[in-house]
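A.B. asks: Using only what follows, build the 3D model:
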Amino acid sequence: MQDRRIALFALGGTISMTGADAGGVVARLNGAELLTELGTLPVHVDVHDAVPVPSAALTFADILDVVATAARAVEDGAAGVVLSQGTDTLEEVAFLIDSIWPHAAPFVVTGAMRNPTLPGADGPANLLAAIQVAGSPSAAGRGALVVFLDQIHAARHVHKAHSTSPATFESPDTGPLGHVIEGTPRFLTELPPRKPIEGWTAERVTETKIALYTVTLDDDGALLEGPDHSHLGLVVAGFGAGHVPPHLLPALDEILAVMPVVLTSRSAGGSVLADTYGAPGSERDLLARGVINGGFVHPYKARVLLRMLVAAGAGRDEIAAAFAELG
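C.D. replies: Numbering: from 1, shown residues only. Model (predicted):
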């Protein structure tokens with residue numbers, strides 16, 4: 001692969017953090033400095049340093065800027081793209097990229113859970129594996145991927161499951177797509193390609209506000225009372241297979257009258273059902289009221305998808321079809 005080149009975008013996060021005089025660690029290392037730990041690389045890497053901030057501070061605008069620059073790099077001959085960033089929002093960022101990335105060239109997202117000041121820091125190994133995946137012809141056409149601990153995950157399924165473990169990323173519904181073995185990506189599972197969302201603009205995305213409401217035991221529903229018309233959509237993270245307390249139904253009916261509402265499960269794995277439970281507040285009841293079935297798209301990703309669809313001017317049927325496409 002030595003005659004191939006990829007583009008690396010360094011955003012900051014734990015993978016790039018070193019000690020600060022005031023205590024703790026902060027983003028300090030740039031993309032070129034991250035590469036110095038990797039030795040001889042299998043491809044040429046063009047480095048782009050973007051906003052060096054913790055991933056909790058990232059915005060949709062930041063990621064859309066990276067995607068636009070990455071697209072130009074691919075059009076100029078890059079075989080793939082790697083994005084290094086913090087892990088707090090990595091699953092949402094990867095899913096956003098997967099929702100809009102129009103190229104066959106792989107877009108690989110990675111990071112670290114142990115910062116470079118610690119023994120056994122995982123950043124260098126994760127970054128090298130991500131570069132190996134991004135530079136491999138076998139990764140082409142698979143959309144956005146997340147590479148951690150030599151596992152290759154589809155952005156549409158990956159989930160951060162632990163706050164501190166280096167093994168935090170997993171795909172509860174499917175398992176990883178493949179593994180990096182002796183420096184070579186080996187894919188064991190195929191996924192149908194996604195059609196990228198079109199018709200949005202960066203300005204429209206910034207203006208589009210989508211709320212996420214997680215239902216809890218003995219929920220008083222106060223945050224649902226009266227739809228906020230500054231928001232243009234709502235994702236409900238319901239119990240289990242897609243259930244809410246019956247006393248929330250009047251508020252949801254009011255919200256449904258003015259914006260799309262997507263029903264997801266607050267569970268880490270599994271799908272919202274469609275035709276099993278029939279009590280008030282069950283999935284049958286909610287879908288009959290006009291709520292959109294989120295299927296296997298879990299709450300954080302659902303908010304990303306709904307925001308991009310609404311920003312693109314999608315109607316209810318188009319929104320429902322986009323969620324159904326993902327299971």
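
A.B. asks: in the stretch 151-300 of the chain, which ranges drop under the pLDDT threshold?
C.D. replies: 226-229 (pLDDT under 70).

A.B. asks: the strands in it, which residues?
C.D. replies: With strands called from DSSP state E, counting those that start in this stretch, the stretch 151-300 of the chain shows them at 151-154, 159-160, 169-170, 178-181, 184-187, 210-214, 233-238, 261-265, 292-293.

A.B. asks: need those in CSV with distance to Gly141, can you?
C.D. replies: Every residue, glycine included, has its C-beta placed from N, CA and C. Shown next, in CSV, are the strands of the stretch 151-300 of the chain (distance: least, Cβ to Cβ, whole Å):
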stretch, distance to Gly141
strand 151-154, 12
strand 159-160, 23
strand 169-170, 22
strand 178-181, 14
strand 184-187, 11
strand 210-214, 29
strand 233-238, 29
strand 261-265, 28
strand 292-293, 28
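
A.B. asks: Out of the ones you listed, flag the one nearest Thr89.
C.D. replies: strand 159-160 (8.9 Å; Cβ to Cβ).

A.B. asks: For the closest one, which outside residues touch it?
C.D. replies: Residues outside strand 159-160 that contact it (Cβ atoms under 8 Å, 6 or more residues apart in numbering): 87-88, 90-91, 168-172, 268-269, 298.

A.B. asks: Relative to Asn30, how far out is the nearest residue in space to Val53 that is not next to it in sequence?
C.D. replies: Spatial nearest neighbour of Val53, excluding adjacent residues (Cβ to Cβ, 6 or more residues apart in numbering): Gly12 at 5.0 Å. From Gly12 across to Asn30, the span is 9 Å (Cβ to Cβ, to the nearest Å).

A.B. asks: now Met259
C.D. replies: With Cβ to Cβ as the criterion, Met259 and Asn30 are 42 Å apart.

A.B. asks: do Glu75 as well
C.D. replies: 24 Å.

A.B. asks: ok, now Pro119?
C.D. replies: Distance from Pro119 to Asn30, by Cβ to Cβ: 23 Å.

A.B. asks: Name the residue in the two with the higher neighbour count.
C.D. replies: Asn30 (14 against 5; other Cβ atoms under 10 Å).

A.B. asks: Show me what the closest residue in space to that one that isn't next to it in sequence bridges to in the sheet.
C.D. replies: Leaving aside its sequence neighbours, Asn30 sits nearest to Asp49 (Cβ to Cβ, 6+ apart; 4.9 Å). Beta-bridge partners of Asp49, counted by DSSP bridges, are Ala10.

A.B. asks: my guess is Pro102 contacts Pro196, does it?
C.D. replies: Yes: between Pro102 and Pro196 a contact is recorded at 4.7 Å, counting by Cβ atoms under 8 Å.

A.B. asks: how about the nearest residue to His44 once chain neighbours are set aside, what does it touch?
C.D. replies: Take His44 and drop its neighbours on the chain: the residue closest to it by Cβ to Cβ, 6+ apart is Arg5, 3.9 Å away. Shown in contact with Arg5 (Cβ under 8 Å, 6+ apart): 43-46, 77-79.

A.B. asks: Weed out the non-buried ones from the contacts of strand 159-160.
C.D. replies: Buried members of the contacts of strand 159-160, scored by 16 or more other Cβ atoms under 10 Å, are 87-88, 90-91, 168-171, 298.

A.B. asks: Could you work out the most separated pair of those residues?
C.D. replies: Maximum pairwise distance in those, criterion Cβ to Cβ, is 18.3 Å, between Asp88 and Ser171.

A.B. asks: Distance check, Met143 against His162.
C.D. replies: Wrong residue type there; residue 143 is Gly, not Met. From Gly143 to His162 the distance is 25 Å (Cβ to Cβ).

A.B. asks: ok, the two, which is more surrounded?
C.D. replies: Taking other Cβ under 10 Å, Gly143 and His162 do not tie; Gly143 has more neighbours (22 against 12).

A.B. asks: Is that one in contact with Ala105, as I believe?
C.D. replies: No: using Cβ under 8 Å, Gly143 makes no contact with Ala105, being 10.3 Å away.

A.B. asks: what stretches of the stretch 1-150 of the chain score poorly on pLDDT?
C.D. replies: Using pLDDT under 70, the stretch 1-150 of the chain drops low at 1-2, 19-23, 25-27.

A.B. asks: how about the strands in it?
C.D. replies: Applying DSSP E, counting those that start in this stretch to the stretch 1-150 of the chain gives strands spanning 5-10, 17-19, 25-27, 44-49, 80-84, 107-110, 144-148.

A.B. asks: ok, Ile255 to Asp218 distance?
C.D. replies: 21 Å.

A.B. asks: Who has more neighbours out of those two?
C.D. replies: Ile255 (23 against 5).

A.B. asks: Pull the number of nearby residues for Leu223.
C.D. replies: 12.

A.B. asks: Equivalent analysis for Glu198, please.
C.D. replies: 9.
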